[in-house]
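> using only what follows, build the 3D model:
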Amino acid sequence: MRHNKVFSAAITLCMIAFFTMGSAPSASASTPIPVTITATFDFSNFPNVSGTFTTTGALTISGPATMHVDFLNASTTAHCVVTLIAPNGTIFIDQQCQFASSTPKGRWEIVSGTGAYANLNGNGSLTMPPPLIEAMTGFIYQ
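Next up, the predicted model:
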């Protein structure tokens, strides 16, 4: 009988350890690092526009940029694909934009990259203050 009690207690302790291990934070959890991405575009070739970008914070790069704009809902919302061309690779960003306010705004997310940016993740909010600027703020997750 004593043997069964010890065995039951051991099983109970193992089960408690098993279920509580999953609730501890992972050592590989991503740390958010603030980033600002500012791009200026020439809209003369709309909907395929080109320009330049600069980043600060988690990334400190600059270079040429392109953007393809697809308007949805009678010009009040748009989906844009932004490509940032940096010396060590390329970053692809999806944007969802709303034009109902005096300063258009939206959300952005890094969807893929090449070279040094192949595993880059990030997202945040954006505003589009005149003249033709994309001001993205948010976080890079490393």
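> residue ranges of the helices in the chain, please?
Secondary structure of the chain, counting by DSSP state H: helices at 2-21.
> by mean pLDDT, point me to the weakest helix or strand of it.
Every helix and strand of the chain was ranked by mean pLDDT, DSSP states H and E. The lowest is helix 2-21, at a mean of 40.
> make sure H79 is actually in contact with N73.
No. Look at H79 against N73 with Cβ atoms under 8 Å: they stay out of range, at 10.6 Å. C-beta: built from backbone N, CA, C; applies to glycine.
> tell me who's in contact with the spatially closest residue to S30 that is not a sequence neighbour.
Among residues not flanking S30 along the chain, Y141 sits closest, at 3.8 Å (Cβ to Cβ, 6 or more residues apart in numbering). Applying Cβ atoms under 8 Å, 6 or more residues apart in numbering to Y141 gives the contacts 30-33, 121-122.
> swap in 10 Å and give it another go.
29-33, 58, 110, 120-123 (Cβ atoms under 10 Å, 6 or more residues apart in numbering).
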